[in-house]
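Engineer: sequence-free structure coming up:
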């Protein structure tokens, strides 16, 4: 490993360690909440019981539900409320992405995850691009 790569790794370790200490004093971020309410576009997924959901904030989710019929709303703008799968791990992943953005890495990356929908409210019969 050359000296530049070693220096980059040491710098990254210092930055992420310092951010962890500061983060302990901050209020809980949205990425740490187990439940989310997001408005966006519902699209078909890779499986008959799974769907893709793109939030108006640019976030992307794989969604499913045992209690809400999602299929009739494919192609619609909807507001969903659901539970984030593995919320603690999801929050940690998003914190690392946020930290990287602050240092110019992955500036355009958006939140992604898995969401089990518990409620759905119809907004529009079309997805607004």
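Structural biologist: Here it is on my side, so go on. Every value quoted in this text rests on a predicted model; they were computed, and no experiment measured them.
Engineer: how many neighbours does the residue lying closest to residue 70 once chain neighbours are set aside have?
Structural biologist: Of all residues not flanking residue 70 in the chain, residue 51 sits nearest, at 5.2 Å (Cβ to Cβ, 6 or more residues apart in numbering). Heads up, the C-betas are built off the backbone N, CA and C, glycines and all. Neighbour count of residue 51, defined by other Cβ atoms under 10 Å: 23.
Engineer: sec struct for the nearest residue to residue 127 once chain neighbours are set aside, please.
Structural biologist: Distances taken as Cβ to Cβ, 6+ apart place residue 41 nearest to residue 127, at 3.6 Å, with adjacent residues excluded. Under DSSP: H, G, I helix; E, B strand; the rest coil, the three-state class of residue 41 is strand.
Engineer: same thing with the one 5 residues further on?
Structural biologist: When the structure is reduced to helix, strand and coil (three-state DSSP), residue 46 reads as coil.
Engineer: and it, how far from residue 69?
Structural biologist: Between residue 46 and residue 69 the distance, using Cβ to Cβ, to the nearest Å, works out to 19 Å.
Engineer: return the set of buried residues in the helix or strand hosting residue 37.
Structural biologist: For residue 37, the enclosing helix or strand under DSSP states H and E is strand 35-44. Buried residues in strand 35-44, counted by 16 or more other Cβ atoms under 10 Å: 36, 38, 39, 40, 41, 42.
Engineer: which residues touch the last one?
Structural biologist: Shown in contact with residue 42 (Cβ atoms under 8 Å, 6 or more residues apart in numbering): 51, 52, 53, 63, 70, 73, 74, 75, 76, 78, 80, 127.
Engineer: let's see 7 Å
Structural biologist: Counting by Cβ atoms under 7 Å, 6 or more residues apart in numbering, residue 42 touches 51, 53, 70, 73, 74, 76, 78.
Engineer: pLDDT score assigned to the third one?
Structural biologist: Turning to residue 70, the model gives it a pLDDT of 95.
Engineer: ok, and the closest non-adjacent residue to residue 67?
Structural biologist: residue 118 is the one closest to residue 67 (Cβ to Cβ, 6+ apart), at 6.4 Å.
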